[in-house]
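S.K.: Turn this into a model:
(2 chains)
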2 protein chains.
Amino acid sequence: MRFIAGPCFCWLWGSHFWPCSDDVTRQEDQIRDHGGDIDTAQARFGGTDWIDLSTGINRAPYPLQPLPPEVWTALPTQAATARLLTAAGAAYRSQAPILAVAGAQAAIQLIPKLSTPARARILAPTYNEHGAALRSAGWKVDEVTTLAALEGADLAVVVNPNNPDGRSHAPEDLLRLATRVGRLVVDESFADARPDLSLASKAGQERLIVLRSFGKFYGLAGVRLGFILGSQADIATLAEMAGPWPVSGPAIAIGTAALSDRSWTEANVARLRAEAARLDLLAQSARWKLLGGTELFRLYDTPDAEAARDRLARHQIWTRMFPYSDRWLRLGLPGQPAEWGRLAAVLRD
Amino acid sequence: MRFIAGPCFCWLWGSHFWPCSDDVTRQEDQIRDHGGDIDTAQARFGGTDWIDLSTGINRAPYPLQPLPPEVWTALPTQAATARLLTAAGAAYRSQAPILAVAGAQAAIQLIPKLSTPARARILAPTYNEHGAALRSAGWKVDEVTTLAALEGADLAVVVNPNNPDGRSHAPEDLLRLATRVGRLVVDESFADARPDLSLASKAGQERLIVLRSFGKFYGLAGVRLGFILGSQADIATLAEMAGPWPVSGPAIAIGTAALSDRSWTEANVARLRAEAARLDLLAQSARWKLLGGTELFRLYDTPDAEAARDRLARHQIWTRMFPYSDRWLRLGLPGQPAEWGRLAAVLRD
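M.R.: Numbers count the residues shown, from 1 in each chain, chains lettered A, B, ... in the order given. I've put the predicted structure just below:
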């Protein structure tokens, strides 16, 4: 078969491919950069024993328990989904209408289709998929740098706390903003350790949508699970767009267990908070300056981000640069003690 | 919290919910009926040891192997997705551009958004989600009963072989049809045992889209995995709509292994074919008449479908009725010998 034997593949995020031929325009220039591209790092720097700090995914994940066979074999039932949504509502301290989808990314894909494309504004810099999904759906997207500049938009996006710089906004400021835009989308993918920042409890009101990610804080990004909280009308429309069974049986079972486990959650918030401070100290020893961050990642100002990233990569530690800065380097937190040891050895060297 | 304590939930497919209050319009009348609603059966008839024959999901699933931890913890890599798509292309005997999504249902949700809504026609009766997704996206949908009546549609849908009646169409007839519609969508969710029917190898051409389901034939519907094969342009657009990481890490690992396992596939095609004939014999003993079917389900004409379904349900065997017929009953195939024994005991009684 041609695409097995052929020497090249054309890629777009790895979610599909087609065999290359001479008349095929390569699509690589459409690829948006992301963390988690550990196969890229392996291909470029060799080695297999990598520590991937290029994402904000907790490297000490929620411990997996054996799963009953029916989560694999059967279609997810309404009862199982109900248990998941009950656990999520409790974990996020919200009674708002809620929809489970296959990752916060799936929510980002759906939201631009909630209303007729018009003018969107995004508080930038931030996670690049919001702008990409909006533009792809026909929205005109402007990036702005203050909350005030979002006012008047038909749709406004705020990531709170923000990725990659950890910038955060008080709920009351965002609630005020919600009255001054057509619809406010608050992406709380990194808010698990900051319930004080969360607007999940207010998401039942019109014009406010809150996104939550399961995989980052619980360290299980491969599971693909996220949530959208919003008004009854918006959640009904999003559910119709998502269709039946958007989330896998294993995701439902694991999500229900993890989101119900208060003691694990509290212990991990405390641990991550302490370890974020520990990472900042290590960075200091490398003469990097802290720009901000969350409990799951830290952003540093370095003299030369590419040199810093490559130095770590030569020791099989992968970090995250950004196309718009030659000084910023973002690091997730190491997990096991051996990972801390390897990182410390390079940074103190 | 109100929605935990409250006496009622409003549901739409179980993929989301909101707490009921007196001012909330119940959404039950929007629920589309599906097989696999085993919790409904349990609630109505009691018991827990159910045999769910209400779907076309193979009850002798592909055997699961232990999964490496990174499929849970890390974002799926491009390399892992490449292996999955290579395995799928080989299994479906196609070199066409291909996209992996979270179940054939996810494909059904995306396809109506590929072009501006216009007039769609569906060869009916068939799986009800095609019409629902098209209407929801703004298409005018007509149901027709012959291939010829699909001609001239802006988008035409054929499920081949069809669910629930097993009606099938020769590839050459569908290829001819593809030249006479704006776009032809061929849903091959039940074609695994019928490669002679498949148009997957032709899906690279313009105006033809082929859907494949992973979960049905491999008996792993909870995994949520399906594929779309189509033209380069269509697959690129669908990939952009699906976004990065639409499929979970476990789905990628399991799908790659199962789709590469030719000997399991061939053995299961042979087994299912023999057991479909065995089910037809049992149905004969109950004086049901075979209307059609595939290797994964059989459709029977019964004197009274509701009475037949309820009789089986009282023995904890769940089957599928259709809102448009009071005589049709569809049964998936039992799996283990004990399941065959229980079904035979009721039907021969």
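S.K.: tell me the mean pLDDT for the helix or strand containing A:Val185?
M.R.: With elements taken from DSSP states H and E, the one containing A:Val185 is strand A:184-187. Model confidence over strand A:184-187, given as mean pLDDT, is 98.
S.K.: Tell me if that strand is near chain B.
M.R.: No. Legend: contact between strand A:184-187 and chain B by CB under 8 Å from any CB of the partner chain is lacking; minimum distance shown is 14.0 Å. The way it works is simple: take the backbone N, C-alpha and C, and place the C-beta from them, glycine included.
S.K.: Just checking: what are the partner strands of that strand?
M.R.: Counting by DSSP bridges, the strands paired with strand A:184-187 are strand A:155-159 (parallel), strand A:208-213 (parallel).
S.K.: The ones you listed into CSV, with extra columns for mean pLDDT?
M.R.: Listed next are the strands paired with strand A:184-187 as CSV, based on pLDDT from 0 to 100:
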stretch, mean pLDDT
strand A:155-159, 98
strand A:208-213, 98
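S.K.: Would you mind giving the ones you listed as a markdown table with mean neighbour count added?
M.R.: Formatted as a markdown table, the strands paired with strand A:184-187 follow (neighbours: other CB atoms under 10 Å in any protein chain shown):
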| stretch | mean neighbour count |
| --- | --- |
| strand A:155-159 | 27 |
| strand A:208-213 | 26 |
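S.K.: before we move on, the earlier item: render the CA-only coordinates of the strand holding A:Val185 in PDB, please.
M.R.: Extracted in PDB, the C-alpha atoms of strand A:184-187 (Å, rounded to 0.1, in the frame of the first residue of the first chain):
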ATOM      1  CA  LEU A 184     -17.800  35.500  27.800                       C
ATOM      2  CA  VAL A 185     -15.900  32.200  27.700                       C
ATOM      3  CA  VAL A 186     -13.700  31.600  30.700                       C
ATOM      4  CA  ASP A 187     -11.200  28.800  30.200                       C
END
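S.K.: returning to that earlier point: looking at the strands paired with strand A:184-187, spot the one closest to B:Pro117.
M.R.: Using CB to CB as the criterion, the shortest distance between B:Pro117 and the strands paired with strand A:184-187 is 21.7 Å, found for strand A:155-159.
S.K.: who's in contact with the closest one?
M.R.: Counting by CB atoms under 8 Å, 6 or more residues apart in numbering or on different chains, the neighbours of strand A:155-159 from elsewhere in the structure are A:111-112, A:115, A:118-123, A:126-127, A:130, A:134, A:139, A:147, A:150, A:169, A:174, A:177, A:181-187, A:189-190.
S.K.: Just the buried ones from those, in ChimeraX syntax?
M.R.: Restricted to buried positions by 16 or more other CB atoms under 10 Å in any protein chain shown, the ChimeraX selection for these reads:
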select /A:111,112,120,121,122,123,126,127,130,134,139,147,150,169,174,177,181,183,184,185,186,187,189,190
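S.K.: just checking, which of the contacts of strand A:155-159 belong to strands?
M.R.: When DSSP state E defines the strands, the subset of those inside them is A:Arg119, A:Ala120, A:Arg121, A:Ile122, A:Leu123, A:Leu184, A:Val185, A:Val186, A:Asp187.
S.K.: Identify the residues contacting the first one.
M.R.: A:Arg119 makes contact with A:Trp139, A:Lys140, A:Asp142, A:Ala153, A:Asp154, A:Leu155 under the criterion CB under 8 Å, 6+ apart.
S.K.: That one pairs with what?
M.R.: On the basis of DSSP bridges, A:Arg119 is bridged to A:Lys140.
S.K.: Would you quantify the distance from it to chain B?
M.R.: The span separating A:Arg119 from chain B equals 21 Å under the rule CB to the nearest CB, to the nearest Å.
S.K.: and what of the second one?
M.R.: Note on A:Ala120: its distance to chain B, by CB to the nearest CB, is 17 Å.
S.K.: show me the contacts for that residue.
M.R.: For A:Ala120, the residues meeting the contact criterion (CB under 8 Å, 6+ apart) are A:Pro112, A:Leu134, A:Trp139, A:Lys140, A:Val141, A:Asp142, A:Ala153, A:Asp154, A:Leu155, A:Ala156, A:Val157.
S.K.: Repeat that for the last one.
M.R.: Applying CB under 8 Å, 6+ apart, one finds that A:Asp187 lies in contact with A:Ala104, A:Ile108, A:Tyr127, A:His130, A:Val157, A:Val158, A:Val159, A:Asn160, A:Leu211.
S.K.: Next: the fifth one.
M.R.: By CB under 8 Å, 6+ apart, A:Leu123 lies in contact with A:Glu143, A:Val144, A:Thr145, A:Thr146, A:Leu147, A:Leu150, A:Ala156, A:Val157, A:Val158, A:Val159, A:Asn162.
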